[in-house]
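A.B. asks: Sequence plus predicted model, see below.
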Amino acid sequence: MHALSQSFSRRVAVLDAEELEKALALLLLKSEGSQYSVHLEESSAEELTPEQALLVLFIAQSAMSSGVRRSRARAGLISLRMLKQCVRFAVSDKGVGCNVPGINGRGHRLRDIAARARQMGARLRVIAERGHGPRIILDIRKDAVCTGP
């Protein structure tokens, strides 16, 4: 587990919408050598359970770390918005792109992201190709219930 994840998990087991926004802002402040921006559609974070909000934070941290390391990203976007049946969470970066190993392959951050997506009942898509920064998209159903680790 990464230092930021450990720091948050020691202090809180869950996050509400306001805490998620603050935690994402802190994550951006601590990002090294990259400029990410956050776009949270009004009330979208309120649709998440506190457990889902915490998992979203951990996924954002993993995706940013992976983008900087693998894709050499210097900028990116974290977004959370409402769709009809779900809340869409996405992390994209403006890196050089990378090959995505199978989610069950070597990429431990992708495996962690996939496990957290399953835990919150979300549909995960990873879009990556050489020359374009990767995009991680989670569609979190409004009626999904988080399961244990």
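C.D. replies: Received it, and whenever you're ready, just let me know what you need.

A.B. asks: Within the sheet, what are the partner strands of the strand ranked longest in the chain, with directions?
C.D. replies: In the chain, with assignment by DSSP state E, the single longest strand is strand 132-141. The strands that strand 132-141 pairs with in its sheet are strand 86-93 (antiparallel), strand 122-129 (antiparallel) (by DSSP bridges).

A.B. asks: in it, what's buried?
C.D. replies: 132-140 (16 or more other C-beta atoms under 10 Å). Every residue, glycine included, has its C-beta placed from N, CA and C.

A.B. asks: Greatest separation within those residues: which pair is it?
C.D. replies: 132 and 140 (24.4 Å; C-beta to C-beta).

A.B. asks: just the CA coordinates of the longest strand of the chain, formatted as PDB?
C.D. replies: Output in PDB follows, covering the C-alpha atoms of strand 132-141 (Å, rounded to 0.1, in the frame of the first residue of the first chain):
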ATOM      1  CA  HIS A 132      -1.800   8.500 -26.000                       C
ATOM      2  CA  GLY A 133      -2.100   8.700 -22.200                       C
ATOM      3  CA  PRO A 134      -4.100   5.900 -20.600                       C
ATOM      4  CA  ARG A 135      -7.600   6.400 -19.300                       C
ATOM      5  CA  ILE A 136      -9.100   4.500 -16.400                       C
ATOM      6  CA  ILE A 137     -12.900   4.600 -16.300                       C
ATOM      7  CA  LEU A 138     -15.100   3.200 -13.500                       C
ATOM      8  CA  ASP A 139     -18.900   3.100 -13.800                       C
ATOM      9  CA  ILE A 140     -20.200   2.800 -10.300                       C
ATOM     10  CA  ARG A 141     -23.800   1.700 -10.100                       C
END
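
A.B. asks: Great, nothing more from me.
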